[in-house]
Structure formats: structure tokens, C-alpha cells
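> Have a look at this prediction, sequence included:
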Amino acid sequence: IEEYVSEDNYVGGGFRGKKRKATVTAGKLQTVGSGIPNKNAHGECLRVQNQMLRLQLVRKTKELEAEQIRRLELELHFMKKENEFLKKQLEEFKAENEYYKKTAKPQKTRRLCGFCKEYVDHDFRNCPERRASACSEEDDGSI
Ligand SMILES: [Zn+2]
């Protein structure tokens with residue numbers, strides 16, 4: 001507004017000879033002048049609106065953050081549960097593995113064939129090599 005006033009004074013006082021130009025500028029100024037208060041009011045309105053929007057944005061952001069936090073907490077909760085489940089499963093697998101190790105070892109020692117001296121799935125009595133060998137097999141069996 002100050003600018004407008006000073007320019008108006010300047011036009012009125014200084015350049016009387018160039019009235020046409022002055023009127024042109026005055027006309028320009030008038031349209032601008034009539035625009036300025038409106039613009040200011042509009043600006044004020046915009047500023048208020050802007051502030052409200054900013055407040056809304058802040059509130060919305062907080063809401064979203066809260067929701068996100070809640071969602072993350074829920075996710076974390078589920079991940080913890082899943083982790084616990086996986087840990088349990090891992091323990092079970094370990095136990096199972098341990099069980100297989102334990103059961104596998106005696107099986108190996110138990111399956112040591114007395115005839116072919118190898119860890120196989122037969123024993124001395126029904127060793128195929130022993131059966132494949134001579135007729136003396138029956139004699140060995142009887143002894
Ligand atoms: Zn054998």
C-alpha cells in the first residue's frame with residue numbers, strides 16, 4: 001500500500017506535462033490499486049488457509065505417524081512371534097538332528113558286518129559275500 005501511495009503522489013506532483021502517460025499509469029495504478037486490497041485480503045485468506053492446512057498437515061502427519069507406529073508395532077509383534085516360532089522350530093530341528101545323529105551312530109556300529117568288515121545293512125549271518133563264497137559256507141554256519 002505504501003508503494004502505491006508514494007507512486008500516486010509522485011505522478012500527481014512531478015509530471016503534469018505527461019498527463020496522458022500519468023493517466024495511463026494512474027489507470028494502471030487504479031486497477032493495481034483496486035487489486036492490492038483484494039490481493040491483501042486474498043493473501044490474508046490464503047495465509048489463514050495456509051496456516052489451517054499446515055495445522056491439518058501437522059495433525060494428519062501425526063495421525064499417520066501414530067498409525068505407522070502402531071502398524072510397525074503390530075508388525076514387530078508378529079515378527080517377534082514369528083521369530084519365537086522360528087526359534088522353536090530351530091530347536092526342534094536341532095533336537096531332531098540330534099536324535100538322528102544318535103540313532104544313526106548305533107545303526108552304523110550295529111551294521112558292521114563280521115565277514116566283509118564293512119559298515120553295511122547286513123550282518124555276519126546274512127552277508128551276501130559269505131553266501132556267494134563256497135559251499136563251505138554251510139559248514140561255517142553249522143559251526
Ligand atoms: Zn558282509
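Sure thing, it's come through.

> what about this structure, any weak spots by pLDDT?
For the chain, the stretches with pLDDT under 70 are 1-39, 104-110, 134-143.

> the strands in it, which residues?
With DSSP state E as the definition, the chain shows no strands.

> Let me see the contact set for Gly43.
For Gly43, the contact set (C-beta atoms under 8 Å, 6 or more residues apart in numbering) is empty. All C-beta atoms are positioned from the backbone trio N, CA, C, and that covers glycine.

> what's the spacing between it and the ion?
Remark: distance between Gly43 and the ion (C-beta to the ion, to the nearest Å) = 102 Å.

> what's the spacing between that residue and Gln51?
12 Å (C-beta to C-beta, to the nearest Å).

> swap in Ala41?
Taken as C-beta to C-beta, the span from Ala41 to Gln51 is 15 Å.

> With Glu84 instead?
48 Å.

> Glu82 now?
For Glu82, the distance to Gln51 (C-beta to C-beta) stands at 45 Å.

> again, but for Lys80
Per C-beta to C-beta, Lys80 is found 42 Å from Gln51.

> count of residues packed around His122?
16 (other C-beta atoms under 10 Å).

> How about Arg130?
If we define neighbours as other C-beta under 10 Å, then Arg130 has 18 of them.

> Go ahead and confirm it touches Phe115.
Yes: between Arg130 and Phe115 there is a contact under C-beta atoms under 8 Å: 4.4 Å.

> where do the contact lists of these two overlap?
Phe124.

> Near the ion, which residues of this protein are found?
Within the chain, the positions near the ion by C-beta under 5 Å from the ion are Cys113, Phe115, Cys116, Cys127.

> Mark which of those residues are buried, thanks.
With burial judged by 16 or more other C-beta atoms under 10 Å, the buried subset of the residues of the chain next to the ion is Cys113, Phe115, Cys127.
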